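**Student:** missing the sequence, but the structure's below:
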């Protein structure tokens, strides 16, 4: 990763640095600037005037150092074996100790990203946080993150927090990319942070919890470029080499991919690709509203789409399967999983479809174009290498019993509004380098500290 | 205001419509593309590639139909006469009935803007809300506003909510402008909505409350263009014909302008403009930290800056003086006040400095360039006309006694989390066309209705 200079003439130097950097642009396929849409959306300004390939340059994932096994939870909750592991598709669920909150999660993931990329703290010109884990109705998490930048003297960072359920991460990403393409851009990187702590009451919904955060570095010449203009035809899954989804639980994603395939089937003429859509012909005549609850259709769709699921989507569910739902960062955890389970060569030149949504409702279907260059030292290869330790890191977590998990959930509830308070617990249970909540004073001010790396 | 067509080919038609529209671009002074900064920030892309003069095309203000007189509050609170009216600079304070909440305020101001501009509901492609009056920690106010767009079939609207204390309105405005300049722009308008209900406990802080909302239409060829690139020299108040500030209370703004003048004085060489900085020379040697609490300096600064305050800032405080603090929308209420107290001719070609900040801390100093064309029917003249009724609308509010005000504040607190509940009150006390909270069901779902126009 190229270090950026900082000074009064920063911008021009950045331009020069970028020209010289190893972050040379990937040569793009003809379709690289196409965003999928059934409605053409021709930008009024010329496409070639914005910086090239604005998108994700680097990405970091944080998850808690402890988890509960879903088979243990099945027994603990007296439900049939497989209800969570097969029915929901969840094998493990990460959860936070009482020493962690949304601020500490985001502090950790931002620091990890800056340390891994070795970027100077003043190379970031925008920082936006998408979360729905709100401690303070007025103060932004971004404000807390600014503490990390303090020593660098970098106080000039645009962006605040953004909220609409699980959609906040995607809104932040789009805002960051727009900034880079706008006249407000000062040549520095944008950083997008998203994260949540998902906790449900004891009972049916509890196994769909989770906790985590993702930080992304956004700028031009990115190995994962956000695709731009629309194309004037309906797209199908054939246009996407990979497809990732916001993941409340993994089974829902498998069903979502199956639904996309059903849409393709309904759009296709009846004499095309019958082998691909084997077993679906009987359902062509159903009224749309009847397709949502038809169990026979569900089964036929899952069967027909299984190969496609294994090929295009399954790898993206690795983190969600092992850690659970993380709301705003869920989709970007899927992206990291996908990158960690494929080689740069496999990914090069491909298009990754992404579906992000938040209750409420806000939703976007968009796509990334992966750069062509997968050579050693290329931005893509560096990005892929940087997340390759994900399975190893997940495997290094501590397994906790459902009893311990439940006790910690109860403690978190009990301590939620507490003041004049230092959370109990041993910081050695956190991963090295993890930020944690040290103290809440009588005015609800929170003080954080970091476990040494 | 030009009506926009809607269809698959919307974007190209919009382009054509804009070319033909009476919204022709103002010819700009040489300095029009300069944003004030002590640090040059040269955009990497060419300036002439973005749409021209992206900024505020139209603006609407909403405030409650009732107020309490601050002289009445002084007596009620047993404080000396003038403590609120002179000490704070506040004469009246608007407040909401129990039938209003942040959603209803924003519904009202958006509908007012759409009705006044006569734009079709599908001409809006982005809608972002900046507020710190949070009812739901997860659902965006924007989601509620989408109900207004339902009949038009326009479900394709980007943007959600953004939060950092009083800075959310400015963050939304910048995000909207960035969107228009980015490859994501689809040729439609962006709408920025900001608003808050400011309530303090009974006692010293209570008279600094208020309530209100502002909606702004953002797009190219705006009569109030957000200025772009930096200039390579320090700016002074001489560069600004008008200067507006976020306004917690009006006296603070007068002191803020005085502080800017002091900065100019310190930057100026000691033999320049002594008449302008009369009475300040004795304070040149003070250490900066000692200037913040020096009462003699305060007095000298207020005296020296009084003419400048009257000329550049006072008119912008009309709404704040009469309605109080509205947090995220405060600065934009100041902008509306400024426009309502000057003619289009007075404003044409001027530069309006703006200082926005939110506790936490996020802050921006930026500027608008007003278009040159003030002729009848020009965008500027239309914008100025549209807010000219502000004093008349403020004067038509109902004066309530401090006892009634206090009772309603207590009711609002009591009803805050209530479910299965319809707020008591007479809707005829609201302005015609005001949206109000009709019911909260057992699942906290809120239903709104509108008082007929």
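**Tutor:** Noted; the coordinates are in hand. This one's a predicted model, so the numbers in the text were calculated from it and none came from an experiment.
**Student:** drop to CA atoms for contacts and neighbour counts, all remaining ones
**Tutor:** Fine.
**Student:** and whichever residue of the stretch 301-450 of chain A sits closest to chain B, what does it touch?
**Tutor:** Residue nearest to chain B within the stretch 301-450 of chain A (CA to the nearest CA): residue A:360, separated by 5.7 Å. For residue A:360, the contact set (CA atoms under 8 Å, 6 or more residues apart in numbering or on different chains) comprises A:164, A:165, B:139, B:140, B:143.
**Student:** could you check how far it is from residue A:334?
**Tutor:** 22 Å (CA to CA, to the nearest Å).
**Student:** that older thread, looking at the contacts of residue A:360, which is nearest residue A:289?
**Tutor:** Using CA to CA, residue B:143 comes nearest to residue A:289 of those, at 24.0 Å.
**Student:** quick one, what contacts the closest one?
**Tutor:** So residue B:143 contacts A:360, A:361, A:362, B:160 (CA under 8 Å, 6+ apart).
**Student:** centroid residue for chain A?
**Tutor:** Geometric centre of chain A, nearest residue: residue A:332, 1.3 Å, by CA atoms, centre = their mean.
**Student:** is that one in contact with residue A:214, as I believe?
**Tutor:** Yes: under the contact definition of CA atoms under 8 Å, residue A:332 touches residue A:214, with a separation of 6.7 Å.
**Student:** tell me the residues of the stretch 51-200 of chain A that contact chain B?
**Tutor:** Those residues of the stretch 51-200 of chain A that sit near chain B, judged by CA under 8 Å from any CA of the partner chain, are A:51, A:132-134, A:137-140, A:143, A:159-165, A:168, A:171, A:175, A:178-179, A:181-187.
**Student:** among these, which ones are in strands?
**Tutor:** If you go by DSSP state E, those have A:161, A:162, A:163 in strands.
**Student:** which SS class is the residue of the stretch 301-450 of chain A closest to chain B?
**Tutor:** Put simply, residue A:360 is coil when judged by DSSP: H, G, I helix; E, B strand; the rest coil.
**Student:** how close does it get to residue B:143?
**Tutor:** From residue A:360 over to residue B:143 (counting by CA to CA), the distance is 6 Å.
**Student:** then residue A:344?
**Tutor:** 39 Å.
**Student:** dump the residue contacts of the closest residue to chain B within chain A.
**Tutor:** At 4.2 Å from chain B, residue A:162 is the closest residue in chain A, using CA to the nearest CA. Counting by CA under 8 Å, 6+ apart, residue A:162 touches A:128, A:129, A:130, A:131, A:168, A:171, A:172, B:160, B:161, B:162, B:163.
**Student:** the first one and residue A:168 touch, don't they?
**Tutor:** No: when contacts are counted by CA under 8 Å, residue A:128 is not listed as touching residue A:168 (9.6 Å).
**Student:** settle it for me: which of those two has more neighbours?
**Tutor:** Shown here are residue A:128 and residue A:168; by other CA atoms under 10 Å in any protein chain shown, residue A:168 has more neighbours (33 against 30).
**Student:** count of residues packed around the closest residue to the more buried one other than its chain neighbours?
**Tutor:** Using CA to CA, 6 or more residues apart in numbering or on different chains and skipping the chain neighbours, the partner closest in space to residue A:168 is residue A:130 (4.1 Å). Neighbourhood size, residue A:130 [other CA under 10 Å]: 32.
**Student:** could you pull out the helices for chain A?
**Tutor:** A:10-20, A:70-76, A:102-117, A:141-149, A:168-181, A:250-267, A:288-291, A:295-312, A:318-323, A:330-340, A:344-347, A:379-386, A:390-395, A:402-415 (DSSP state H).
**Student:** want to throw the ones you listed into TSV with mean pLDDT and distance to residue A:219?
**Tutor:** Output for these, formatted as TSV (pLDDT from 0 to 100; distance: least, CA to CA, whole Å):
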stretch	mean pLDDT	distance to residue A:219
helix A:10-20	33	11
helix A:70-76	97	39
helix A:102-117	98	14
helix A:141-149	98	19
helix A:168-181	98	7
helix A:250-267	96	29
helix A:288-291	94	41
helix A:295-312	97	26
helix A:318-323	98	25
helix A:330-340	98	17
helix A:344-347	98	20
helix A:379-386	98	12
helix A:390-395	98	24
helix A:402-415	96	38
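**Student:** quick one, which of the ones you listed gets closest to residue B:433.
**Tutor:** helix A:168-181 (31.8 Å).
**Student:** how big is the angle separating that closest one from helix A:330-340?
**Tutor:** If you take axes from the mean of the first three to the mean of the last three CA atoms, to 10 degrees, helix A:168-181 sits at 80 degrees to helix A:330-340.
**Student:** who's in contact with helix A:168-181?
**Tutor:** For helix A:168-181, the surrounding residues in contact (CA under 8 Å, 6+ apart) are A:50-51, A:54-55, A:126, A:128-132, A:162, A:185, A:187, A:190-195, A:218-220, A:328-329, A:356, A:358, B:159-160, B:175, B:178-179, B:181-184.
**Student:** now the stretch 151-300 of chain A, which segments are flagged as low pLDDT?
**Tutor:** Scanning the stretch 151-300 of chain A for pLDDT under 70 picks out A:270-273.
**Student:** what do you get if the cut-off is 90, keeping everything else the same?
**Tutor:** Counting by pLDDT under 90, the stretch 151-300 of chain A has low-confidence residues at A:203, A:229-235, A:268-276, A:278.
**Student:** around chain B, pick out the residues from the stretch 301-450 of chain A.
**Tutor:** So the stretch 301-450 of chain A meets chain B at A:359, A:360, A:361, A:362 (CA under 8 Å from any CA).
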